[in-house]
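Student: Give me the fold of what follows.
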Amino acid sequence: MYLTPRAAIHELGDGFYDAVAPADFPQTILRFRNDRAAAEVGLAGLDDAQWCTHFGRFAPLPGSLPQPLALRYHGHQFRTYNPELGDGRGFLLAQLEDTRGRLLDLGTKGSGQTPWSRSGDGRLTLKGGVREILATEMLQALGLNTSKTFSLIETGEDLARSDEPSPTRSAVMVRLSHSHIRYGSFQRLAALDLPDDMRRLIDYVLRHYFGGAPDIADTDAQVAALIDHAVTGAAKQAAGMMAAGFVHGVLNTDNINITGECFDYGPYRFAPVWDPDFTAAYFDHHGLYSFGRQAEALQWNVFQLAGALSPFAGATLAVWRTVVDDYFMPQADARVSPAGAIASPCWSVVAWRWRAAPWCSVVVRKVTPSISMSSLPSCSPPTCPTIEPWP
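Tutor: Below you'll find the predicted structure:
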């Protein structure tokens, strides 16, 4: 496949991002390159030196963004609203199309300070980058809709961190993602009362990530379509994480992609047994984002998105609450129960985990009380590389 560069983000205008300069690292040592993902976007032909030039020194890809852009957004962090967020240690490096014609982003993590870094140094530890590789590769194999770790380059700096032995080695990571527009992107526009920018963002998301909406002329119908897509994506994400035994750890609204793609893996963990109280982040003292509360967290996040959008749809938040309540949990349940998920390519993973894991009977009892173990389809452990993401 040939490279198909894009710069669609410029349609939104300067009010959505800040042009930034990347850090100038003392070294660029290639530690990981995702050749399978590179082939999907026409970049498999880069040699290692060229790879480091683009993804360690951030030379622009021809025809895409001429300069990195740090995106602006707000968000609820552990349900406390924070208007001072934005890309604090990363930026949008490039946009391009994959083999399916989807608009994808190449975004960085650990690429230096931006106007939104606050007190942070804008860096990433090598350990943090390796952990993200492990998360994305495992979740993709299990059939979840996840970002892909595209590149990891060690950068030759010593970093001080309070939560791991220091000094520790530095790195810069590039992820390939189906959008970096977050729920918090909409929350920012609502908080700042920017209705024209909100309409522009709604139109941008529908056209580029959900096949367009040329027959929808009024904003009210556009918002309804966007909420429908968001609820479906969040429900799939909730069910997928539960089926995989995965605890994201930080399900803040600034970490939720409008496309429903799971991304930004920090203090995640995989649950060793079925324990609803199992918590990934050491700073989640009250278990807000514990294993058993992830569906609740994502539903709460959808409420916040609906609240940000409701003034543009002539509806009250109470109406949105009814829509989300009636639709979200049935969607999530359908993705983990045999009745709804049996046709999914990921069902073999779910069924196998239910049968093989020591907590399988608890899963069935908690998620699908009416299903007995004997009614589950017989299957062998799945062959992970052949499992495709859910449609």
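
Student: And the helices in the stretch 151-300 of the chain?
Tutor: 183-191, 195-209, 219-244, 294-309 (DSSP state H, counting those that start in this stretch).

Student: winner for burial among these?
Tutor: Most buried of the helices of the stretch 151-300 of the chain, by mean neighbour count (mean count of other CB atoms under 10 Å): helix 183-191, with a mean of 25. C-beta: built from backbone N, CA, C; applies to glycine.

Student: How about residues contacting that one?
Tutor: If you take CB atoms under 8 Å, 6 or more residues apart in numbering as the criterion, helix 183-191 is touched by 16, 71-76, 81, 83, 85, 197-198, 201, 230, 252-254, 256, 258, 301-302, 304-305, 307-309, 311.

Student: now it: how far from the chain's centre is it?
Tutor: 17 Å (CA atoms, centre = their mean, to the nearest Å).

Student: low-scoring stretches of the chain, by residue?
Tutor: 1, 213-217, 314-391 (pLDDT under 70).

Student: domains for it, by residue range?
Tutor: Per automatic domain parsing, the structural domains of the chain span 5-180, 195-336.

Student: would you list those domains in TSV and tack on distance to L189?
Tutor: Shown next, in TSV, are these (distance: least, CB to CB, whole Å):
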stretch	distance to L189
domain 5-180	9
domain 195-336	4
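
Student: returning to that earlier point: need the helices of the stretch 151-300 of the chain in a markdown table with distance to V130, can you?
Tutor: Converted to a markdown table, the helices of the stretch 151-300 of the chain look like this (distance: least, CB to CB, whole Å):
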| stretch | distance to V130 |
| --- | --- |
| helix 183-191 | 27 |
| helix 195-209 | 29 |
| helix 219-244 | 19 |
| helix 294-309 | 24 |
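
Student: And these: which comes nearest L152?
Tutor: With distances scored as CB to CB, the stretch of the helices of the stretch 151-300 of the chain nearest to L152 is helix 219-244 (22.4 Å).

Student: Please identify the longest strand in the protein, counting by residues.
Tutor: strand 148-159 (DSSP state E).

Student: That one pairs with which strands, parallel or anti?
Tutor: strand 29-33 (antiparallel), strand 168-177 (antiparallel) (DSSP bridges).

Student: How about the contacts made by A23?
Tutor: By CB under 8 Å, 6+ apart, the neighbours of A23 are S111, G112, Q113, G122, R123, T155, V172.

Student: beta partners of the last one?
Tutor: The reference is to V172. Bridge pairing for V172 - DSSP bridges - gives I153.

Student: In this structure it contacts G110, no?
Tutor: Yes: using CB atoms under 8 Å, V172 makes contact with G110 at a distance of 4.5 Å.

Student: Break down the chain into its strands, ranges please.
Tutor: 5-6, 17-19, 29-33, 69-71, 75-77, 80-82, 92-97, 103-109, 124-125, 148-159, 168-177, 246-247, 269-270.

Student: With only the CA atoms kept, save the longest one in CSV.
Tutor: Going back to what we said before, that points to strand 148-159. Output of strand 148-159 as CSV, limited to C-alpha atoms (Å, rounded to 0.1, in the frame of the first residue of the first chain):
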residue,chain,number,x,y,z
LYS,A,148,-1.8,0.2,18.3
THR,A,149,1.6,0.9,19.6
PHE,A,150,3.4,1.9,16.4
SER,A,151,6.9,2.8,17.6
LEU,A,152,9.1,3.0,20.7
ILE,A,153,12.4,4.7,20.7
GLU,A,154,14.8,5.1,23.6
THR,A,155,15.9,8.7,23.9
GLY,A,156,19.0,8.6,26.2
GLU,A,157,17.8,10.7,29.2
ASP,A,158,17.6,9.8,32.9
LEU,A,159,14.2,10.5,34.4
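
Student: Just the buried positions in it, please.
Tutor: For strand 148-159, the neighbour count (16 or more other CB atoms under 10 Å) marks K148, T149, F150, S151, L152, I153, E154, T155, E157, L159 as buried.

Student: Just list the residues touching the residue nearest the centre of the chain, thanks.
Tutor: By CA atoms, centre = their mean, the chain has its centre lying nearest to F263, at 2.7 Å. Residues near F263 by CB under 8 Å, 6+ apart: T146, S147, R175, S177, N255, N257.

Student: Neighbours of the second one, how many?
Tutor: I take that to be S147. 27 (other CB atoms under 10 Å).

Student: Next one: it relative to G107, how far apart?
Tutor: Counting by CB to CB, to the nearest Å, the separation of S147 from G107 is 8 Å.

Student: to the chain's geometric centre, what's the distance from stretch 170-179?
Tutor: Distance, centroid of stretch 170-179 to centroid of chain: 11 Å (CA atoms, centre = their mean).

Student: Please save the CA atoms from that stretch in CSV.
Tutor: Taking C-alpha atoms only, stretch 170-179 is exported to CSV below (Å, rounded to 0.1, in the frame of the first residue of the first chain):
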residue,chain,number,x,y,z
SER,A,170,13.5,7.6,28.8
ALA,A,171,11.6,6.8,25.6
VAL,A,172,9.2,8.3,23.1
MET,A,173,6.3,6.3,21.8
VAL,A,174,4.0,6.7,18.8
ARG,A,175,0.6,5.2,18.7
LEU,A,176,-1.7,4.6,15.7
SER,A,177,-5.2,5.4,16.7
HIS,A,178,-8.6,5.9,15.1
SER,A,179,-9.0,9.5,16.2
